[in-house]
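Asker: Sequence and predicted structure are below.
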Amino acid sequence: MNAQEKALARQLFKIKIHEANGDKFEDIFTSIQNYNDAGFQQIKPWGPLGDRKNDGYNSRTGVYYQVYAPEEIRNNYPEVVKKLETDFAGLKKQWPDIKEFYFVVNDKYLGVNPDSEKAIKALVKNHALVNGGFLTPKDLENTLFKLADDQILSVAGFIPDVNAIINLDYSALAEVVGHIMKLPIQSVTAKIEFPDWNEKIQFNELSETTQLYLNIGAQKLGALNTYLGNQSFLADELQEKLTGIYLDSKNKDWTGVETSHHGDLIFWDMVKNCAPKNEAHIESAIITIIAKYFESCDVFEKNPEKN
């Protein structure tokens with residue numbers, strides 16, 4: 001991957017982390033660790049014995065992991081400390097040869113609470129461990145982006161190839177539109193305006209890479225308008241649904257996700273939500289649809305200071 005593609009892959013990873021709770025976050029951690037450590041063994045609950053408080057380990061090095069990913073981390077740190085202590089006690093009872101212990105928590109890039117940090121340092125000291133601590137999405141991201149490109153993409157997600165986005169596949173378009181119309185998101189009527197395209201890109205903090213995808217999508221608007229023109233009322237219904245998808249992505253709490261292009265988080269979250277599956281021709285259709293309603297200000301904002 002080139003620098004732009006890696007930057008986009010990082011954005012996609014952060015979006016994925018932001019929405020990963022419970023088993024979804026554990027699956028992300030496990031995928032990265034399987035690539036990063038050939039000796040890593042995932043442990044899954046099996047029958048009445050469960051996972052014996054062990055979410056994964058390396059038997060040769062004696063490194064053990066437990067994973068915790070609540071939906072709301074900021075108000076849940078007393079529970080983090082409690083779970084850390086009780087789960088480690090259960091882990092040591094079942095797996096006594098622990099040399100290092102890491103509590104993998106999805107802090108959604110907000111940082112670890114100081115009481116939790118103190119608790120795990122005390123745990124490492126009291127049990128005479130060689131090492132231990134918290135692993136957070138920041139650590140997982142750093143590990144992931146030292147891996148091979150194909151391994152990065154298998155975790156972060158598919159990146160559309162701009163060179164492959166040429167023609168609009170009507171069968172893919174029909175699949176995408178059908179998926180969008182079934183999403184449980186409230187439809188919103190928006191006011192149609194046509195501001196300066198490049199100025200709107202800058203105002204919404206979209207990167208040059210995202211602008212490139214939008215520009216390519218805009219080149220296929222003629223084919224999209226032909227498709228929509230053959231189906232009465234579909235354009236209006238799609239506009240209202242897509243505006244609702246945009247507002248849903250915009251109103252998510254992206255606190256903690258550091259980026260100089262906040263609009264990219266919204267854009268690629270919309271692409272993910274609109275995708276019935278992860279394929280190039282599907283992504284192409286979605287980006288063309290977003291470009292249409294970006295142009296008319298149904299998605300993303302017009303600078304109020306500009307006429």
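Answerer: The structure has been received and is ready for your questions.

Asker: pLDDT at the closest residue to G62 other than its chain neighbours, what is it?
Answerer: The shortest distance from G62 to any residue other than its chain neighbours is 3.2 Å, reached at K99 (CB to CB, 6 or more residues apart in numbering). Where C-beta positions appear, they are placed from N, C-alpha and C, glycine not excepted. The predicted local confidence for K99 comes out at a pLDDT of 95.

Asker: for the one 10 residues further on, same thing?
Answerer: Y109 is assigned a predicted lDDT (pLDDT) of 91.

Asker: do you know how far it is from K272?
Answerer: When distance is defined by CB to CB, to the nearest Å, Y109 is 18 Å away from K272.

Asker: What of K220?
Answerer: Taking CB to CB as the measure, K220 and K272 are separated by 20 Å.

Asker: Identify each of the strands in the stretch 51-200 of the chain and give its residue range.
Answerer: Ranges of strands within the stretch 51-200 of the chain are 56-58, 63-68, 100-105, 131-135, based on DSSP state E, counting those that start in this stretch.

Asker: Distance to H281 and mean neighbour count added to these, as a markdown table?
Answerer: Rendered in a markdown table, the data for the strands of the stretch 51-200 of the chain read as follows (distance: least, CB to CB, whole Å; neighbours: other CB atoms under 10 Å):
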| stretch | distance to H281 | mean neighbour count |
| --- | --- | --- |
| strand 56-58 | 36 | 21 |
| strand 63-68 | 35 | 22 |
| strand 100-105 | 36 | 23 |
| strand 131-135 | 37 | 17 |
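
Asker: which stretch among the ones you listed comes nearest D196?
Answerer: The stretch from the strands of the stretch 51-200 of the chain with the least distance to D196 (CB to CB) is strand 100-105; that distance is 44.0 Å.

Asker: how far off strand 63-68 does the closest one point, in degrees?
Answerer: Orientation note: strand 100-105 sits at an angle of 20 degrees relative to strand 63-68 (axes from the mean of the first three to the mean of the last three CA atoms, to 10 degrees).

Asker: for stretch 18-26, the distance to its chain's centre please.
Answerer: Once both centres are worked out by CA atoms, centre = their mean, to the nearest Å, stretch 18-26 turns out to sit 10 Å from its chain's centre.

Asker: what's the answer for stretch 101-118, then?
Answerer: Worked out by CA atoms, centre = their mean, stretch 101-118 lies 19 Å from the chain centre.

Asker: For this protein, which residues score under the pLDDT cut-off?
Answerer: For the chain, applying pLDDT under 70 flags the ranges 45-52, 162-166, 190-195, 232, 306-307.

Asker: Do a quick rundown of the helices in it.
Answerer: Applying DSSP state H to the chain gives helices spanning 3-18, 23-36, 77-94, 114-126, 137-144, 149-156, 170-182, 197-203, 208-218, 221-229, 234-250, 262-274, 280-295.

Asker: got the buried residues for the first one?
Answerer: Going back to what we said before, that points to helix 3-18. Neighbour counts using 16 or more other CB atoms under 10 Å place 5, 7-18 of helix 3-18 among the buried residues.

Asker: Please apply the same query to the third one.
Answerer: Taking 16+ other CB under 10 Å as the neighbour-count basis, helix 77-94 is seen to contain the buried residues Y77, V80, V81, K83, L84, D87, F88, L91, K92.

Asker: Output that helix in PDB with nothing but the alpha carbons.
Answerer: Once non-C-alpha atoms are left out, helix 77-94 reads as follows in PDB (Å, rounded to 0.1, in the frame of the first residue of the first chain):
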ATOM      1  CA  TYR A  77     -14.100   2.100  34.800                       C
ATOM      2  CA  PRO A  78     -15.100   0.800  38.300                       C
ATOM      3  CA  GLU A  79     -16.300  -2.300  36.500                       C
ATOM      4  CA  VAL A  80     -13.000  -2.500  34.600                       C
ATOM      5  CA  VAL A  81     -11.100  -2.600  37.900                       C
ATOM      6  CA  LYS A  82     -13.400  -5.200  39.400                       C
ATOM      7  CA  LYS A  83     -13.400  -7.400  36.300                       C
ATOM      8  CA  LEU A  84      -9.600  -7.100  36.000                       C
ATOM      9  CA  GLU A  85      -9.100  -8.300  39.500                       C
ATOM     10  CA  THR A  86     -11.700 -11.100  39.600                       C
ATOM     11  CA  ASP A  87     -10.900 -12.400  36.100                       C
ATOM     12  CA  PHE A  88      -7.200 -12.500  36.800                       C
ATOM     13  CA  ALA A  89      -7.800 -14.500  40.000                       C
ATOM     14  CA  GLY A  90      -9.900 -17.000  38.000                       C
ATOM     15  CA  LEU A  91      -7.200 -17.100  35.300                       C
ATOM     16  CA  LYS A  92      -4.400 -17.900  37.700                       C
ATOM     17  CA  LYS A  93      -6.400 -20.600  39.400                       C
ATOM     18  CA  GLN A  94      -6.900 -22.400  36.100                       C
END
